[in-house]
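Participant: return a 3D structure for these sequence lines:
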Amino acid sequence: MSVEQKAAPPDPNDISQEEMRRNIFAMVWPATIENVLQMAVGMVSSAMLGRVGAVAIGAVGLGRRITMLVWGFFAAIGTGTTVLVARSIGAKDRAKAGRYAEQAFFLALGMVLCVSILTFMFTRELLVLLYNTSGELLEVGTLYLRIAIWGVPFMAIMQITSAIMRGAGNTKVPMQVATVINLVNVVLSYAFIFGHFGFKPMGVIGAAWASNIAQAVGALLAMYIMLYRQDNLAFKLRGVRIVGDDVRALLGIGLPTAAENILMQLGQIMLTGLVVSFGSVALAAHQQGLTAESLSYMPAVGFSVAATAFVGQSMGAGSTKLAERYVRELGKWSLILTAITSSFLVFTPKLVFSILTDVPEVIDLGAYYLIMMGAAQIPQQLTSVFNGALRGAGDTKAPMVIGALGLWGIRLPFAYFFSLRLGWGIKGVWAAMTLDLFVRFAFSSLRFYRGRWKLELDRMADAHA
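Facilitator: Okay, here's the model as predicted:
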């Protein structure tokens, strides 16, 4: 070889199966623990409120559903951030990754502050409009939501910083922050809800304040780490600067995901309104069932996060073949883990449910929920991996369409048909939810294996030409 000849750039496909597996688990296990811990923030409060009564469980569940709707408004920024940061890192452009991160932070915080203020101003009206609720449930739900909504801006800061770090391949920092949040939340929930360490018992209000303070601590810690304790990308907040091209790129990828989340939350609100009509015991079983189910699917959520990051990085490096290899490996390990965790829902539902409440009627009814959802956990988690991969490639419209089809075409109409027309009651709602998850799996897997997401690589090349 002459001295003028340059060595060929490294082939991104030249990675062994063992190295790929190490990369996956180095990202998955912190992301998994982070998601489990994030879910545990709500689970701790739910378990404690389960000792207060069915109305407390239902009121907090209604309030949290609305906070999740608010969260949907800035989900667009989070998804776009992870994808674009991952692509920039894959293309070895750290400066661009940092610029996307800064724009995401300003956009998310501005959006969520506006929506939080509106939610606070019209709390009671929202609860009546969305759930047609009244009486004690409305009063308690209003008290809870007017406090809890101010934790959402702090949650937004953590979600965006987590999205940035995931895109850069660092999932350990979000995990560490989630650990701190949970420690603070457990102590404060115990003190505020039941009245310990010199505090008076505050019940539902105590749960809201404990969560808010824990989220604020987490947001401050996350920002400190992003600004002073990481060197993966150049993230410096030197005043508010909006870069039009970067904003359009973030929203172009993220808006379909936001639409998907908002449609999902609106549909879930309609579904919850139907559940409310079956009484407080059914509502408590449904809300606690959602929380208990997370014990099964949260351990595998990290695989979806990893799919978005690794596919994004692979596309940035110009290799769809590498992206496909990552998805196959992620799907295999997600299936193995979910098969283990879902077995607890199917075979020991009452034991799992008793962790969250000591009301016998709620435990007996909720056991049916866990059995149904346990049967659908494997297709649900594989769907998450496929959707994560599609988002990482930039094909965010497909998961939005599939999600809307499943929710509005299957879950809602069949929930009304099964529960009211066939007279199955709340169990009919849960049967429709199970059917929806299998339908989504069929369409998501078909979309991925048809391979149209690979065309995004050509569009990326044209954009940089």
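Participant: ok, D436 touching L405?
Facilitator: No - between D436 and L405 there is no contact under C-beta atoms under 8 Å: 9.2 Å. Quick note: C-beta positions are derived from backbone N, CA and C, even for glycine.
Participant: neighbour count winner among the two?
Facilitator: D436 (24 against 15; other C-beta atoms under 10 Å).
Participant: let me know the pLDDT of that one.
Facilitator: For D436, the pLDDT comes out at 95.
Participant: equivalent analysis for S45, please.
Facilitator: S45 is given a pLDDT of 68.
Participant: and what of K172?
Facilitator: Taking K172 on its own, its pLDDT is 74.
Participant: what's near enough to touch the residue nearest to it when sequence neighbours are not counted?
Facilitator: Nearest residue to K172, sequence neighbours excluded (C-beta to C-beta, 6 or more residues apart in numbering): P30, at 4.5 Å. Each residue near P30 by C-beta atoms under 8 Å, 6 or more residues apart in numbering is listed here: T171, K172, P174, M175, G302.
Participant: mind checking how far P30 is from T67?
Facilitator: Going from P30 to T67 by C-beta to C-beta, to the nearest Å gives 25 Å.
Participant: same deal with M315?
Facilitator: In terms of C-beta to C-beta, M315 sits 33 Å off from T67.
Participant: these two: which has the busier surroundings?
Facilitator: For M315 and T67, the more surrounded residue by other C-beta under 10 Å is M315, and the numbers stand at 25 against 20.
Participant: downstream of the strand or helix carrying that one, the next helix or strand is which one?
Facilitator: Following DSSP states H and E, one finds M315 within helix 280-316. For helix 280-316, the following helix or strand on the C-terminal side (DSSP H and E) is helix 320-347.
Participant: how far away from the center of its chain is that following helix?
Facilitator: Put simply, helix 320-347 sits 18 Å off its chain's centre (C-alpha atoms, centre = their mean, to the nearest Å).
Participant: list the buried residues in it.
Facilitator: Of all the residues in helix 320-347, those buried under the rule 16 or more other C-beta atoms under 10 Å are 320, 322-327, 329-331, 333-335, 337-338, 341-342, 344-345.
Participant: check stretch 415-424 too.
Facilitator: Here stretch 415-424 shows A415, Y416, F418, S419, W424 as buried, counting by 16+ other C-beta under 10 Å.
Participant: which one of the contacts of P30 is nearest to F386?
Facilitator: F386 has its nearest neighbour among the contacts of P30 in G302, at 15.2 Å by C-beta to C-beta.
Participant: hmm, the closest one is touching W29, no?
Facilitator: Yes - counting by C-beta under 8 Å, W29 is a contact partner of G302 at 6.9 Å.
Participant: give the contact list for A207.
Facilitator: Contacts of A207 by C-beta under 8 Å, 6+ apart are S45, M48, L49, V60, Y144, S189, F192, I193.
Participant: make JSON lines out of these and add neighbour count.
Facilitator: Shown next, in JSON lines, are those (neighbours: other C-beta atoms under 10 Å):
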{"residue": "S45", "neighbour count": "28"}
{"residue": "M48", "neighbour count": "21"}
{"residue": "L49", "neighbour count": "29"}
{"residue": "V60", "neighbour count": "26"}
{"residue": "Y144", "neighbour count": "27"}
{"residue": "S189", "neighbour count": "24"}
{"residue": "F192", "neighbour count": "25"}
{"residue": "I193", "neighbour count": "26"}
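Participant: inside helices: which ones of those residues?
Facilitator: The helices, defined by DSSP state H, take in S45, M48, L49, V60, Y144, S189, F192, I193 from the contacts of A207.
Participant: and those residues as TSV, adding distance to P349?
Facilitator: TSV is the format used below for these (distance: C-beta to C-beta, whole Å):
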residue	distance to P349
S45	22
M48	21
L49	20
V60	22
Y144	28
S189	25
F192	30
I193	26
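Participant: for those, point out the one with the lowest pLDDT.
Facilitator: Scoring the ones in helices among the contacts of A207 by pLDDT puts S45 last, at 68.
Participant: what helices and strands are in contact with the helix or strand harbouring K427?
Facilitator: If you go by DSSP H and E, K427 is part of helix 426-450. When contacts are defined as 3 or more C-beta pairs under 8 Å, 6 or more residues apart in numbering; DSSP states H and E, helix 426-450 packs onto helix 244-276, helix 280-316, helix 360-375, helix 377-393, helix 397-404, helix 412-416.
Participant: and those helices: which comes nearest F105?
Facilitator: Using C-beta to C-beta, the helices and strands packed on helix 426-450 put helix 244-276 closest to F105, at 10.8 Å.
Participant: would you mark the buried spots in that closest one?
Facilitator: The neighbour-count check on helix 244-276 (16+ other C-beta under 10 Å) flags 246-247, 249-250, 253-272, 274-276 as buried.
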